[in-house]
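# got a structure for you, letters missing:
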């Protein structure tokens, strides 16, 4: 027993080696990744950062914590796909889940989806964004939503938290974005085919062109639909190979565009947006204790016992866990948000963080450190890395016993 605890303490100490990429730690028990660097347990793909809408800068901290094995993973793919701008210009409203996040380890507790952090942000915003700059950012956003022909660039940032082993989370970190590209390209091909058919039949009312792929106001959000399809395809692929019978992963996938952010969530990893005066949970945790999820499981013929589906799994949705179908499902909840000039930071993390820190607390800590470091050094990448480090350290100090992966991205419109 003494040997076991010595090993745990040694792992926690390793979590704060400052060498990027951790060359002294080949087993990947701790990885610190910055913008453009690949860390063990994660996938970061390079892309041109000088384009019209480069990928947001980010900092990543991923630690094994007090677990014997690392099961978290993450992916950052700049310019994962470009869609027709007409797919996005008509999406002028947020589409939200409206389900409050679960309390810290207490299924009966909850906090509002939108909570004030005005005391933190107001002290720093005057140093980073003037009112004129904020106004200009809003004008830039309005201009970007105008319906014009051309491509709309989308970047992907994701965190996966595996259970029963790391194989499913690793698979998702390497393959999910590839499935997404194929889904989007397939939809674009379908639109072109429909457009050509309309042109051949010479409908006088139909003005859709193959080059513009314009959508009517009533048509669906193709990006959201592609995200749902992607999750199900990845899960189906694992099912066919028999690789996820008794193991699985959560998945929170964020697509960042110039005017919109899409979040596709399955499980209890979470994405949170820190805005000027607000902390907004962009996803709703799929805890087995969630009343609507309990109802869904029961309607499928299952049960939730001691806040676990079929007495086994504490989350009600996951990629994998096929022995618990149809009670645990891979269908994600997808939300969409219109970006604003008040957006500051995006925090994507596994439940090793959220089990001990609320969304409000995480945003307070991240914003405070980010703006303090930005004021002191002017180095955005250093400020983001420091924010992810601070959140991880705070979770460990508060007793988190899980793997912890924290990704903090700069989503200020000025910096995009």
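Right, received. Where do you want to start? Note that this is a predicted model, so its numbers are computed, not measured.
# Can you list the low-confidence ranges for the stretch 101-250 of the chain?
Under the criterion of pLDDT under 70, the regions of the stretch 101-250 of the chain flagged as low confidence span 101-149, 191-220.
# Now do the buried residues in stretch 329-344.
Burial within stretch 329-344, assessed by neighbour count using 16 or more other Cβ atoms under 10 Å, is assigned to 329-330, 332-337, 339-344. All C-beta atoms are positioned from the backbone trio N, CA, C, and that covers glycine.
# What mean pLDDT does it get?
On average, the pLDDT along stretch 329-344 is 95.
# Likewise for stretch 90-98?
Model confidence over stretch 90-98, given as mean pLDDT, is 60.
# Next up, the contacts around the closest residue to residue 345 other than its chain neighbours.
Once its chain neighbours are removed from consideration, residue 345 has its nearest residue in residue 274; the separation is 4.3 Å (Cβ to Cβ, 6 or more residues apart in numbering). When the contact criterion is Cβ atoms under 8 Å, 6 or more residues apart in numbering, the partners of residue 274 are 117, 121, 280, 344-347, 363, 366-367.
# Mark which of those are part of strands, please.
For the contacts of residue 274, the ones inside strands are 280, 344-347, with DSSP state E as the criterion.
# Using JSON lines, lay out the buried residues of stretch 329-344 together with distance to residue 359.
Rendered in JSON lines, the data for the buried residues of stretch 329-344 read as follows (distance: Cβ to Cβ, whole Å):
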{"residue": "329", "distance to residue 359": "24"}
{"residue": "330", "distance to residue 359": "24"}
{"residue": "332", "distance to residue 359": "19"}
{"residue": "333", "distance to residue 359": "16"}
{"residue": "334", "distance to residue 359": "19"}
{"residue": "335", "distance to residue 359": "14"}
{"residue": "336", "distance to residue 359": "18"}
{"residue": "337", "distance to residue 359": "14"}
{"residue": "339", "distance to residue 359": "18"}
{"residue": "340", "distance to residue 359": "18"}
{"residue": "341", "distance to residue 359": "21"}
{"residue": "342", "distance to residue 359": "16"}
{"residue": "343", "distance to residue 359": "15"}
{"residue": "344", "distance to residue 359": "14"}
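# Residue 291: how many residues sit nearby?
When neighbours are defined as other Cβ atoms under 10 Å, residue 291 has 9 of them.
# ok, now residue 299?
The burial metric for residue 299, expressed as a neighbour count using other Cβ under 10 Å, is 10.
# Now it, what are its backbone angles?
Summarising the backbone geometry of residue 299 under the convention degrees, to the nearest 10, its torsions are phi -70, psi -30.
# ranges for the helices of the stretch 151-300 of the chain?
167-201, 222-241, 291-299 (DSSP state H, counting those that start in this stretch).
# ok, back up a step: of the ones in strands among the contacts of residue 274, which is the most crowded?
In terms of neighbours by other Cβ under 10 Å, the ones in strands among the contacts of residue 274 top out with residue 347 at 29 neighbours.
# Excluding chain neighbours, what is closest to that residue?
residue 272 (4.6 Å).
# what does residue 264 give?
Computed as Cβ to Cβ, 6+ apart, the closest residue to residue 264 that is not its neighbour in sequence is residue 227, at 4.0 Å.
# what's that neighbour in contact with, if anything?
Contacts here follow Cβ under 8 Å, 6+ apart; on that basis residue 227 touches 180, 253, 255, 262, 264, 332, 334.
# Run a quick neighbour tally on the residue nearest to the fourth one when sequence neighbours are not counted.
In other words, residue 262. Using Cβ to Cβ, 6+ apart and skipping the chain neighbours, the partner closest in space to residue 262 is residue 255 (4.2 Å). Number of residues near residue 255 (other Cβ under 10 Å) recorded here: 26.
# Ok, residue 379 next?
As a burial measure, residue 379 scores 12 neighbours (other Cβ under 10 Å).
# Mind telling me what element the closest residue to it other than its chain neighbours is part of?
Spatial nearest neighbour of residue 379, excluding adjacent residues (Cβ to Cβ, 6+ apart): residue 373 at 7.3 Å. Using DSSP states H and E, the element containing residue 373 is helix 359-377.
# Tell me which other helices or strands the helix or strand just after that helix touches.
Toward the C-terminus, helix 359-377 is succeeded by helix 380-397 as the next helix or strand (DSSP H and E). Of the remaining helices and strands, those touching helix 380-397 by 3 or more Cβ pairs under 8 Å, 6 or more residues apart in numbering; DSSP states H and E are strand 30-34, strand 58-63, strand 343-349, helix 351-354, helix 359-377, strand 404-410.
# and these as CSV, adding distance to residue 268?
Written out in CSV, the entries for these read as follows (distance: least, Cβ to Cβ, whole Å):
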stretch, distance to residue 268
strand 30-34, 22
strand 58-63, 17
strand 343-349, 11
helix 351-354, 5
helix 359-377, 13
strand 404-410, 13
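# so which of those gets nearest residue 287?
With distances scored as Cβ to Cβ, the stretch of the helices and strands packed on helix 380-397 nearest to residue 287 is helix 351-354 (9.4 Å).
# if I pick the nearest residue to residue 243 once chain neighbours are set aside, what's in contact with it?
Closest residue to residue 243 in three dimensions, ignoring its sequence neighbours and counting by Cβ to Cβ, 6+ apart: residue 167, at 6.5 Å. If you count contacts by Cβ under 8 Å, 6+ apart, residue 167 has them with 243-244, 247.
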